[in-house]
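K.L.:
just coords:
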Ligand SMILES: CSC[C@H]1O[C@H](OP(=O)(O)O)[C@H](O)[C@@H]1O
């Protein structure tokens, strides 16, 4: 088993414990979530963030919510389950993992209709644990499939945080870097700071330094020059939702890196588990993009204003990268190249139906 150095979420007795990622890198703060609204708030405020981790948190929050509910009998339990699912689903709209995980939890309730609540909760806890352990396995598998894409001495670029903090502990794009490092390859990572919430500056650098991987922090607007100077050998990013044709949503700024990489003939890879696939969507045009609080842009991480009051703000949390810009998508089932539509279906079948 590869080393997992960070545990972003876990059960602590009867409640959920999370790393509050908004406090990193200054403080490593663990916070207890004792009810469903604290899980919802943690996802909304990005205390817990990253597509796979949002799904894991939703599954655990679902268990917490039904356990604390006063409803004990049927059909009330099924109605309550669906209400909990709708509530948690309202936290953020883009990462399909949230809806995929909640769909699994509701299906467990439907499959055990009439069951005693105590036993039902055991089945639900088992499902939430499975979602977590599957993510651990998928992240390791993706890092193994992608190992052939990283050569000794490579300089790699990434955006946002697609690491252990965004998943069950090992990461998607960063899991590739961890694996390369574990195999003794000498790599250098350039991390885009990722305005406005600075997941790259705060979280990716924290993870990579913790794992003794050479990391250089850059402003988002410096990536083009690094590529022009021939300093980047490949780009690896995560994803929040991948449509059937391979278009995918990821942190805002990913699309510009894809265009730059394409222009500079630099391989561009998207690393994401099948829980991030939404094959019910034909293309990226159908992926909902979260619009966030303007204050994230008009202040420097909410600490001090950096724009005059009254300025209009455009603050989408994600953008869409068309499949044409992608060299390969890496899932737990392997390296998927063009034509993505056919190859995603071949490898992942009818996965990720409408949620
Ligand atoms: C492992 S993919 C994580 C994915 O989620 C991030 O978004 P956010 O920090 O807003 O949750 C970003 O898109 C990452 O690539």
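P.N.:
Happy to help now that I have it. Owing to the predicted nature of the structure, the values given are computational and were not obtained by experimental measurement.

K.L.:
Now do the residue of the chain found nearest the ligand: how many residues are near it, please.
P.N.:
At 2.7 Å from the ligand, residue 238 is the closest residue in the chain, using CB to the nearest ligand atom. In this view, the C-beta of every residue, glycine as well, is placed from N, C-alpha and C. Residue 238 is flanked by 29 other residues according to other CB atoms under 10 Å.

K.L.:
and what of residue 265?
P.N.:
By other CB under 10 Å, 7 other residues sit near residue 265.

K.L.:
Please apply the same query to residue 14.
P.N.:
Applying other CB under 10 Å, we find 10 residues neighbouring residue 14.

K.L.:
got the contact list for it?
P.N.:
Contacts for residue 14 (CB atoms under 8 Å, 6 or more residues apart in numbering) come out as 34, 67.

K.L.:
Any residues of the stretch 201-350 of the chain in contact with the ligand? List them.
P.N.:
Residues of the stretch 201-350 of the chain that fall close to the ligand, judged by CB under 6 Å from any ligand atom: 238, 239, 240, 250, 251, 317.

K.L.:
my read: the fourth one touches residue 325, true?
P.N.:
No. Under the criterion of CB atoms under 8 Å, residue 250 makes no contact with residue 325, lying 11.6 Å away.

K.L.:
between those two, which one's more packed in?
P.N.:
Neighbour comparison, residue 250 and residue 325: the larger count goes to residue 250, with 30 against 19 (by other CB under 10 Å).

K.L.:
Helix or strand for the more buried one, just tell me which one.
P.N.:
strand 248-251 (DSSP states H and E).

K.L.:
Tell me where the stretch 1-150 of the chain has helices.
P.N.:
Along the stretch 1-150 of the chain, counting by DSSP state H, counting those that start in this stretch, helices occupy 36-44, 51-68, 76-89, 96-111, 117-146.

K.L.:
would you list those helices in CSV and tack on mean neighbour count?
P.N.:
Listed next are these as CSV, based on neighbours: other CB atoms under 10 Å:
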stretch, mean neighbour count
helix 36-44, 19
helix 51-68, 26
helix 76-89, 18
helix 96-111, 22
helix 117-146, 19
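
K.L.:
so where is this structure shaky, pLDDT-wise?
P.N.:
Counting by pLDDT under 70, the ranges of the chain that qualify are 1-2, 350-355.

K.L.:
and the closest residue in space to residue 181 that isn't next to it in sequence, how many neighbours?
P.N.:
The spatially closest residue to residue 181, leaving aside those adjacent along the chain, is residue 213, at 5.3 Å (CB to CB, 6 or more residues apart in numbering). Using other CB under 10 Å, residue 213 has 19 other residues around it.

K.L.:
residues touching residue 307, list them.
P.N.:
Contacts for residue 307 (CB under 8 Å, 6+ apart) come out as 297, 298, 299, 313.

K.L.:
Return the distance of it relative to residue 102.
P.N.:
Distance of residue 307 to residue 102, given as CB to CB, to the nearest Å: 36 Å.

K.L.:
Repeat that for residue 277.
P.N.:
With distances taken as CB to CB, residue 277 is found 16 Å from residue 102.

K.L.:
Next: residue 225.
P.N.:
In this view, residue 225 and residue 102 are 42 Å apart by CB to CB.

K.L.:
you'd agree residue 165 is in a helix?
P.N.:
Yes. If the criterion is DSSP: H, G, I helix; E, B strand; the rest coil, then residue 165 is within a helix.

K.L.:
Could you tell me the end-to-end distance of stretch 47-56?
P.N.:
Stretch 47-56 has an end-to-end distance of 14 Å (criterion: CA to CA, to the nearest Å).

K.L.:
same thing with stretch 211-220?
P.N.:
The straight-line separation of the ends of stretch 211-220 (CA to CA) is 23 Å.

K.L.:
Please apply the same query to stretch 248-259.
P.N.:
Length of stretch 248-259, first residue to last, CA to CA: 14 Å.

K.L.:
Figure out how far it is from the centre of its chain.
P.N.:
A distance of 14 Å separates the C-alpha centroid of stretch 248-259 from that of its chain, computed with CA atoms, centre = their mean, to the nearest Å.

K.L.:
in that stretch, what counts as buried?
P.N.:
Under the neighbour-count criterion of 16 or more other CB atoms under 10 Å, stretch 248-259 has 248, 249, 250, 251, 252, 253, 254, 255, 256, 257, 258 buried.

K.L.:
again with stretch 261-277
P.N.:
For stretch 261-277, burial by neighbour count (16+ other CB under 10 Å) applies to 261, 264, 266, 268-277.

K.L.:
Could you do stretch 184-202 as well?
P.N.:
Here stretch 184-202 shows 187-202 as buried, counting by 16+ other CB under 10 Å.
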